[in-house]
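>>> Build me a model:
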Amino acid sequence: MNQTLPTLKVALLGCGVVGTEVARLLTEQADDLALRVGARLELAGIAVRRVGHRRSAAIDRSLLTADPHALATRPDVDIVVEVIGGIEPARSLLLAALKGGKPVVTANKALLAENGAEIYGAAREYGADLYYEASVAGAIPLLRPLRESLAGDTVHRVLGIVNGTTNFILDRMDSSGAGFAESLEEAQALGYAEADPTADVEGFDAAAKAAILASLAFHTPVTAADVHREGITEVTATDILSARALGRVVKLLAICERSESKHGDGGVSVRVHPAMIPRSHPLASVGEAYNAVFVEAESAGRLMFYGAGAGGTPTASAVLGDIVAVARNRLAGTRGPDASTYAGLPVMPMGETLTRYHVSLDVDDKPGVLAPVAEAYARHDVSIEAVRQASRGAEAQLIIVTHTARDAALAATIRELEALPVVRAVASVMRVEGEEELCPPYAPRPGRA
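Modelled structure (predicted):
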């Protein structure tokens, strides 16, 4: 190894599952990384909350410090890597590093989804790199293609599975017939779900990722608060069986798309919710804790990104990729591209979004029930695509799948159905997505196959 290579010092903020793997890879792959970068990457310090805490043998304890601010602003530090998570102290630490002109690599989706504009602004103002590939979909190269490879294209839609915990739970419910609680317990036992799984099962994690994806795809500031969010806690084994009977499977989807309001104004729609998709859809076969994302662009057409969406080693792989990128930029005296927000498109309310519904009703098992139900749909200009009925003694289950309509009209229909005397209960309501992905997105150009 050529010892004349310069050295770039890396400050690592956080030493949890991901931070430990980042430290290990930086140490074990030091020689190869030096050849790829053109400089040796040396850990300058590792900021932790408890210096005396037991840690992996891969961690050099002499590097540990309980003062992250001092480490992030040290004059000899060249790159700051943040894997603490959460809003504070991560926000203050990243701003301090950026104000010192230090390039930053972060995996912090919550911070970018809530305070992205402030962080991006500081990076631009002080001429520092900001890379965050690991914040969405773990090891999957997704953000850089959106920010760089597709910079000359127009992205119309991003749709995918971006939370491994919920995908594992729904996959188990589908494959075993288990309920939500039982599948969650299995996910926790296997380490796929936290002791407090709220961020995952209520959709907060996926919503933060959707905000980041929409911001990059549509060159528009989008925060987590702009994202319509529904989790999977209300998904039942009956919903899963109903989807199966219709040749569909239930997935928690992040959906970001360009849309138009009823007034014809352009905007973007960003939402996270469970939905039924056809079993023939490529996302339907994404099992376990894996992630997969479709990107639909004007010229590139449909692209699919698939892989490990979480875990220490996969996420650390994305962090290392960003470290290499900013290190190369540092040596060359350049910066990577900023996240552009020139479009400034409005985020459309959920009520204006075009969706389809799968509705399960418990109704009286007697003649004439369907007529008032159909009239309720018609009054709100919602067209019915399919109806299926199953008798259960004195009552029946009526399943209705709609054509596309505005979400507000569908929601109003549900409220009216709940008040009908013939409807005993609205057992479940779920959106239907994905069938359009099974058809060619654009007509062939003249003279081309």
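
>>> Just the CA trace of the least confident helix or strand in the chain by mean pLDDT, in PDB.
Confidence across the helices and strands of the chain bottoms out at strand 384-392, with a mean of 84, counting by mean pLDDT, DSSP states H and E. The C-alpha trace of strand 384-392 is given here as PDB (Å, rounded to 0.1, in the frame of the first residue of the first chain):
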ATOM      1  CA  ILE A 384     -68.700   0.400  -9.300                       C
ATOM      2  CA  GLU A 385     -66.400  -2.000 -11.000                       C
ATOM      3  CA  ALA A 386     -67.200  -5.300  -9.300                       C
ATOM      4  CA  VAL A 387     -69.600  -6.700  -6.700                       C
ATOM      5  CA  ARG A 388     -69.300 -10.000  -4.800                       C
ATOM      6  CA  GLN A 389     -71.800 -11.300  -2.200                       C
ATOM      7  CA  ALA A 390     -71.500 -14.200   0.300                       C
ATOM      8  CA  SER A 391     -74.400 -15.200   2.600                       C
ATOM      9  CA  ARG A 392     -73.800 -15.800   6.300                       C
END
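
>>> Paired strands for it, with orientation please.
strand 395-402 (antiparallel) (DSSP bridges).

>>> quick check: mean pLDDT across the helix or strand following the partner strand?
Remark: after strand 395-402, the chain's next helix or strand is strand 405-406, criterion DSSP states H and E. Summarised as a single mean, pLDDT over strand 405-406 is 93.

>>> residues of the least confident helix or strand of the chain that come out buried?
Within strand 384-392, the residues that count as buried by 16 or more other CB atoms under 10 Å are residue 384. C-beta: built from backbone N, CA, C; applies to glycine.

>>> Can you list the low-confidence ranges for the stretch 151-300 of the chain?
For the stretch 151-300 of the chain, the stretches with pLDDT under 70 are 260-265.

>>> you'd agree residue 377 is up against residue 413?
Yes - with contact defined as CB atoms under 8 Å, residue 377 and residue 413 form a contacting pair (5.5 Å).

>>> who touches the least confident helix or strand of the chain?
245-246, 356, 365, 370, 374, 377, 396-403 (CB atoms under 8 Å, 6 or more residues apart in numbering).

>>> rerun at 10 Å
Residues from elsewhere that reach strand 384-392 (CB atoms under 10 Å, 6 or more residues apart in numbering): 242, 245-246, 356-363, 365, 369-370, 373-374, 377-378, 396-404, 432.

>>> Drop anything exposed from the residues you listed.
Listed as buried from those are 242, 246, 356-361, 363, 365, 369, 373, 377, 396-402, 432; burial here means 16+ other CB under 10 Å.

>>> Give the full set of residues in contact with residue 421.
With CB under 10 Å, 6+ apart as the criterion, the residues that contact residue 421 are 364, 372.

>>> same question, the one 10 residues further on
Contacts here follow CB under 10 Å, 6+ apart; on that basis residue 431 touches 230, 253, 255, 271, 273-277, 353, 355-358, 402, 407, 410.

>>> Next: residue 172.
178-180, 182-184, 186-187, 190, 192, 240, 287-288.

>>> Residue 423 now?
361-364, 369, 372-373, 376, 398, 416-417.

>>> Residue 114 now?
Residue 114 makes contact with 87, 91, 108, 208, 211, 223-225, according to CB under 10 Å, 6+ apart.

>>> Can you read off the pLDDT for it?
Here, the pLDDT recorded for residue 114 equals 95.

>>> Tell me the secondary structure at it.
The assignment at residue 114 comes out as helix when based on DSSP: H, G, I helix; E, B strand; the rest coil.

>>> Grab the nearest non-local neighbour of residue 129.
Nearest residue to residue 129, sequence neighbours excluded (CB to CB, 6 or more residues apart in numbering): residue 103, at 3.6 Å.

>>> Tell me how far the one you found lies from residue 45.
When distance is defined by CB to CB, to the nearest Å, residue 103 is 16 Å away from residue 45.

>>> now residue 177
Counting by CB to CB, the separation of residue 177 from residue 45 is 51 Å.

>>> So those two - more neighbours on which side?
In this view residue 177 and residue 45 are compared by other CB atoms under 10 Å, and residue 45 has more residues nearby, 22 against 13.

>>> Tell me what that one is bridged to.
Here residue 45, judged by DSSP bridges, has bridge partners residue 11.

>>> dump the residue contacts of it.
With CB under 10 Å, 6+ apart as the criterion, the residues that contact residue 45 are 9-13, 60, 62-65, 67-68, 70-72, 74, 77.

>>> Just the buried residues from the residues you listed, in ChimeraX please.
To isolate in ChimeraX the members of the contacts of residue 45 that are buried, counting by 16+ other CB under 10 Å, one can use:
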select :10,11,12,13,63,64,65,68,71,72,74,77
